[in-house]
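A.B. asks: Predicted model, plus sequence, below.
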Amino acid sequence: MAAAVADTGRTCALDPGRARVGLAIDDELGLLAHPRGTLDPRDPKAFAARLRELADAENVSRFVVGLPLHLGGAEGTAARDARALAQVVADATGRIVEMWDERLSTVQAQRALSASEVRGAKARARIDEAAACAILQSWLDARRARRGAR
């Protein structure tokens with residue numbers, strides 16, 4: 001998806017969901033993903049406004065939206081919903097939006113929360129932002145690997 005903003009800022013990942021969209025943002029060096037909470041996508045105008053505020057406040061130049069593919073790689077309803085969300089993000093912010101394969105990101109997030117002894121209701125409340133962190137960290141690592149291969 002095209003954007004009007006140059007790629008000079010930070011990257012924000014979104015873990016799409018119907019009730020909550022998890023957020024994560026990279027550090028200033030673009031090395032590590034950090035959780036940034038969740039947004040409720042059920043009110044499209046409020047959701048778009050919060051994304052614009054976040055992009056401006058955090059100097060976000062790119063969004064990475066998790067693409068929930070089936071294990072075999074096929075797209076289903078959730079993937080179509082994620083693509084629609086990505087279009088909303090692009091339209092609302094004017095930033096670059098990339099789709100990123102998020103297969104198993106929730107499993108990774110659950111393992112990370114469990115390893116840090118976050119369980120039960122507290123884990124359920126943080127799973128979306130933890131999944132966004134897993135998506136973003138995967139994207140950052142792949143980006144670094146591509147740059148190193150040049």
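C.D. replies: Here it is on my side, so go on.
A.B. asks: going forward, measure contacts between C-alpha atoms and count neighbours the same way
C.D. replies: Will do.
A.B. asks: Output the contacting helices and strands for the helix or strand residue 97 falls within.
C.D. replies: Residue 97 is part of strand 96-101, with elements assigned from DSSP states H and E. Counting contacts by 3 or more Cα pairs under 8 Å, 6 or more residues apart in numbering; DSSP states H and E, strand 96-101 is packed against strand 60-67, helix 77-93, helix 120-148.
A.B. asks: can you list the residues that contact the first one?
C.D. replies: The contact list for strand 60-67 (Cα atoms under 8 Å, 6 or more residues apart in numbering) reads 5-16, 54-55, 79, 82-83, 86, 89, 95-103, 132, 135-136, 139.
A.B. asks: Please apply the same query to stretch 32-40.
C.D. replies: So stretch 32-40 is in contact with 19-27, 47, 50, 126, 128-130, 132-134, 136-137, 140, going by Cα under 8 Å, 6+ apart.
A.B. asks: Buried ones among those?
C.D. replies: Buried members of the contacts of stretch 32-40, scored by 16 or more other Cα atoms under 10 Å, are 20-26, 47, 50, 126, 128-130, 132-134, 136-137, 140.
A.B. asks: got the buried residues for the helix or strand containing residue 49?
C.D. replies: Secondary structure assignment for residue 49, by DSSP H and E: helix 44-57. The neighbour-count check on helix 44-57 (16+ other Cα under 10 Å) flags 47-48, 50-52, 55 as buried.
A.B. asks: orientation of that helix relative to helix 77-93 in degrees?
C.D. replies: 60 degrees (axes from the mean of the first three to the mean of the last three Cα atoms, to 10 degrees).
A.B. asks: How far does helix 44-57 sit from its chain's centre?
C.D. replies: 14 Å (Cα atoms, centre = their mean, to the nearest Å).
A.B. asks: of the contacts of strand 60-67, buried ones?
C.D. replies: Applying 16+ other Cα under 10 Å to the contacts of strand 60-67 flags 9-16, 55, 79, 82-83, 86, 89, 95-103, 132, 135-136, 139 as buried.
A.B. asks: OK, contacts around the residue nearest to residue 88 when sequence neighbours are not counted?
C.D. replies: Spatial nearest neighbour of residue 88, chain neighbours left out: residue 48 (7.3 Å); criterion: Cα to Cα, 6 or more residues apart in numbering. Counting by Cα under 8 Å, 6+ apart, residue 48 touches 88-89, 92-93.
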